[in-house]
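In: Fold the following.
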Amino acid sequence: MATIEKITAKKLPKEEILSYGHRACQGCGELLSVRLITKAIGPDMIIANATGCLEIVTSSFPDSAWRVPWIHVAFENAAAVASGVESAIKVLKRKGKLPKDRNITVLAFAGDGGTADIGLQALSGALERGHNFVYVCYDNEAYMNTGIQRSSSTPFGASTTTSPAGKKSIGQHTKKKNLPEIAVAHGIPYVATGCPAYPYDLMNKARKAAAIEGPAYLHVFSPCPTGWRTLSDDAIEIGRLAVKTGVFPLYEVENGKYKLNVKSRELIPVEEYLKTQGRFRHLKEEHIKIIQEEVNKNYELLLKKCECFG
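Out: Modelled structure (predicted):
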């Protein structure tokens, strides 16, 4: 892989791929993440965007907030369409209709519903076939676009419209599906987690993912003020707390080797993260203890994987 210029405050890309004027909610962590990712990769890209919040708020007919070729695809097939686009580019180069040395990044965007649930089959197939594309899951931990329904990425204890908290329910009663580890299990060259609260980490991972030959998977923490019942200016602080508590650690797996990108000397209690969001306000002390134990267990397991590679 060629040397990749690292993004810093002094070397920040200027070109905006995502235009202003979209209809996202104020404080949307998802749109901030997408803006950072596309700026990092640059304009020579084609995007396949699954149905969801991102598609809805950026493509109100007859307008579009996208300044690059962009395809709205069905809820479940962002990875499949991206695979087809990548294959088509190969054919065009083979026939001499595109320069062979032109690097066009094929980028797929989908939410956690379109990735962890309805789109998992298409994603798994694309990763297994080895298509050269970048898949980004913007994880706001529920089907936000259609009314805050639970997904398999919704964390334990969260209240949603289809897993509501009540006298006999604590809300979501299953654990959050670990999508990054599922991607790692496919043996692909690059998997990473990202968070807009750590913009340079996220942008450099996006640039690395685009430069690597073969499939790359980015799983991005995307706070949702509406679905999480938070203030519209809290997305960055919530993102930092997610990382500092170990709820959403930032790491990358390059050719099977784990690396922790942001490590705290001591994790902050998970309660500090939970109390920022209305979706967790019903939780009792015993529920928070269960969540804390699960976070500790997963974080220790991640540390061991990283230690194996120094």
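In: Strands of the stretch 201-310 of the chain, residue ranges please.
Out: For the stretch 201-310 of the chain, applying DSSP state E, counting those that start in this stretch gives strands covering 216-221, 251-254, 257-260.
In: Turn the ones you listed into CSV, columns for distance to Asp201 and mean neighbour count.
Out: (Each C-beta comes from the backbone N, C-alpha and C, glycine too.) Output for those, formatted as CSV (distance: least, Cβ to Cβ, whole Å; neighbours: other Cβ atoms under 10 Å):
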stretch, distance to Asp201, mean neighbour count
strand 216-221, 11, 27
strand 251-254, 9, 20
strand 257-260, 11, 15
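In: Quick one: closest of those to Thr276.
Out: strand 216-221 (13.5 Å; Cβ to Cβ).
In: Counting by contacts, list what the closest one packs against.
Out: helix 29-41, strand 134-139, helix 179-184, strand 190-194, helix 199-211, helix 235-245 (3 or more Cβ pairs under 8 Å, 6 or more residues apart in numbering; DSSP states H and E).
In: And the average pLDDT for that strand is what?
Out: Mean per-residue pLDDT for strand 216-221: 98.
In: just the angle between it and helix 235-245, please?
Out: 110 degrees (axes from the mean of the first three to the mean of the last three Cα atoms, to 10 degrees).
In: Next, the angle strand 190-194 makes with strand 216-221.
Out: Using the same axes, to 10 degrees: strand 216-221 against strand 190-194 is 10 degrees.
In: so strand 216-221 versus helix 199-211, what angle?
Out: 160 degrees.
In: Figure out which of the strands of the stretch 201-310 of the chain is closest to Ala110.
Out: In terms of Cβ to Cβ, the element of the strands of the stretch 201-310 of the chain nearest to Ala110 is strand 216-221, at 11.0 Å.
In: Using CSV, list the CA coordinates for that closest one.
Out: What follows is strand 216-221 as a C-alpha-only set of coordinates in CSV (Å, rounded to 0.1, in the frame of the first residue of the first chain):
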residue,chain,number,x,y,z
ALA,A,216,-12.8,-2.3,4.2
TYR,A,217,-15.4,-1.9,6.9
LEU,A,218,-15.9,1.2,9.1
HIS,A,219,-18.4,1.1,12.0
VAL,A,220,-19.1,4.6,13.1
PHE,A,221,-20.8,5.7,16.3
